[in-house]
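Peer 1: coords please:
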Amino acid sequence: MGTSIKLSKITKVDLRECWQNEASDFTPWLASEDNIALLADALGMNELEVKAQEEHVGPFRADILCVDPGTDKYVLIENQLEKTDHNHLGQILTYAAGLDAVTIIWIAEHFTEEHRAAIDWLNRITDKEFNFFGVEIELIKIGDSAAAPMFNVIAKPNGWSKDVRSSQSSSDGKSEGQVFKYEYWSDFVEFMNNHPSKLFKTPNPSYDHWMNIAVGKGSMHISLLVNTKEQKVTIQLYIWDDAEKKIFDALVKHKEDADEKIGASLTWRRLDGKKASTIDLYKEFDLNNPDIREEIFCWYREYTERFITFFKPIIKKL
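Peer 2: Numbers count the residues shown, from 1 in each chain. Have a look, this model is predicted:
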């Protein structure tokens, strides 16, 4: 006779048992580093950096204001500890109308069918610069365990259809070089989907010569660059808000160790007189040869991971 297996029962916990007030209890909890990371993971985002709580953005006020370090774009979070209502729907529409390019995340205990449909509709009618998420939060416990939060994404952008629509509608009038870059980054995103990294995620492709990767601090990111004129590619730690060069000077103290650990000779550019500073790794490739594109992407992936592994712990201490 087989041994019987005793299983625990999952039960739901009332949100108000944990957070009595949205503004004073739930918002500070969500804005903590660990919990905002849980939300980012549920959304499939690489990282979110909290900038402020109850922040005025122009004439508007967001429960939580974040920045996506990979794009330096605003991410606004609206939350409520009950089912969705028209008042909060009006707020996210106001944010979308007032800001050029944002991701808006609406968190609630329960989404009504009409509000879920409204999020889907907003994602259909806007281009890929706007992203709307509907997220239900619940608390569960197993047996006598402590309650644990779960973020359930019930409405999100259809990234593939937005990319296709954007490409079809905006490729007219683009230069040959811009079209090349869009196809190049599209191939790289596909490569990374097939060979995912545990350390970083790629944003959507664009017509730009760069693609930004988050490193956990809003004033800097890793840029992957492609230069068709000079036939070279670059991995670059880009510090964009360093007018006094304090960040660069702190990092340059690790120069010898960086070259050794990353396994390559880096180019350190202080760029005096400018706010930006960069730390670069270059490699020449025949970018016109499609047969070596996978080799290029493997190089991007390997050395981006090396950059993140070496620099991210140092950046967190700055």
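
Peer 1: only C-alpha atoms for contact and neighbour calcs from this point on.
Peer 2: OK.

Peer 1: ok, Thr234 to Ile222 distance?
Peer 2: From Thr234 across to Ile222, the span is 10 Å (C-alpha to C-alpha, to the nearest Å).

Peer 1: More neighbours: which of the two?
Peer 2: Set Thr234 next to Ile222 and count neighbours by other C-alpha atoms under 10 Å: Ile222 wins out with 24 against 18.

Peer 1: The more buried one touches Asn212, doesn't it?
Peer 2: Yes - if you go by C-alpha atoms under 8 Å, Ile222 and Asn212 touch, sitting 5.7 Å apart.

Peer 1: What ranges does this protein have for its strands?
Peer 2: Remark: strands assigned in the chain by DSSP state E are 10-13, 49-57, 60-68, 73-79, 102-108, 131-142, 148-155, 210-214, 220-227, 232-239, 267-269, 277-284.

Peer 1: Of these, which is nearest Glu176?
Peer 2: With C-alpha to C-alpha as the criterion, Glu176 lies closest to strand 220-227 of the strands of the chain, at 13.8 Å.

Peer 1: Summarise which helices and strands that closest one is packed against.
Peer 2: Secondary structure elements in contact with strand 220-227, counted by 3 or more C-alpha pairs under 8 Å, 6 or more residues apart in numbering; DSSP states H and E, are strand 210-214, strand 232-239.

Peer 1: would a markdown table of the strands of the chain with mean pLDDT be doable?
Peer 2: Formatted as a markdown table, these follow (pLDDT from 0 to 100):
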| stretch | mean pLDDT |
| --- | --- |
| strand 10-13 | 88 |
| strand 49-57 | 81 |
| strand 60-68 | 83 |
| strand 73-79 | 89 |
| strand 102-108 | 92 |
| strand 131-142 | 93 |
| strand 148-155 | 92 |
| strand 210-214 | 88 |
| strand 220-227 | 92 |
| strand 232-239 | 95 |
| strand 267-269 | 96 |
| strand 277-284 | 96 |
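
Peer 1: mind putting those in CSV, distance to Ala117 included?
Peer 2: What follows is those, written out as CSV (distance: least, C-alpha to C-alpha, whole Å):
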stretch, distance to Ala117
strand 10-13, 25
strand 49-57, 26
strand 60-68, 22
strand 73-79, 17
strand 102-108, 13
strand 131-142, 10
strand 148-155, 8
strand 210-214, 31
strand 220-227, 35
strand 232-239, 40
strand 267-269, 49
strand 277-284, 44
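
Peer 1: Ile119 versus Gly134, what's the distance?
Peer 2: Gly134 is 7 Å from Ile119, by C-alpha to C-alpha.

Peer 1: Helices of this protein, residue ranges please.
Peer 2: 15-18, 27-31, 33-43, 86-98, 113-125, 159-170, 176-194, 246-252, 255-262, 293-317 (DSSP state H).

Peer 1: Tell me which of those is the most buried.
Peer 2: Ranked by mean neighbour count, the helices of the chain are led by helix 27-31 with a mean of 18 (mean count of other C-alpha atoms under 10 Å).

Peer 1: circling back: if we compare the strands of the chain, which one ends up closest to Tyr182?
Peer 2: strand 210-214 (10.3 Å).

Peer 1: Find out how far that closest one is from the centre of the chain, if you would.
Peer 2: Relative to the chain's own centre, strand 210-214 is displaced by 10 Å; criterion: C-alpha atoms, centre = their mean, to the nearest Å.

Peer 1: what angle do that strand and strand 232-239 make?
Peer 2: Angle, strand 210-214 to strand 232-239, by axes from the mean of the first three to the mean of the last three C-alpha atoms, to 10 degrees: 40 degrees.

Peer 1: now strand 210-214 and strand 60-68, what's the angle there?
Peer 2: Using the same axes, to 10 degrees: strand 210-214 against strand 60-68 is 100 degrees.

Peer 1: strand partners of strand 210-214, parallel vs antiparallel please.
Peer 2: For strand 210-214, the paired strands and their directions (DSSP bridges) read strand 220-227 (antiparallel).

Peer 1: and the residue nearest to Ile64 when sequence neighbours are not counted, how many neighbours does it have?
Peer 2: Using C-alpha to C-alpha, 6 or more residues apart in numbering and skipping the chain neighbours, the partner closest in space to Ile64 is Gln53 (4.5 Å). Around Gln53 there are 17 other residues, counting by other C-alpha under 10 Å.
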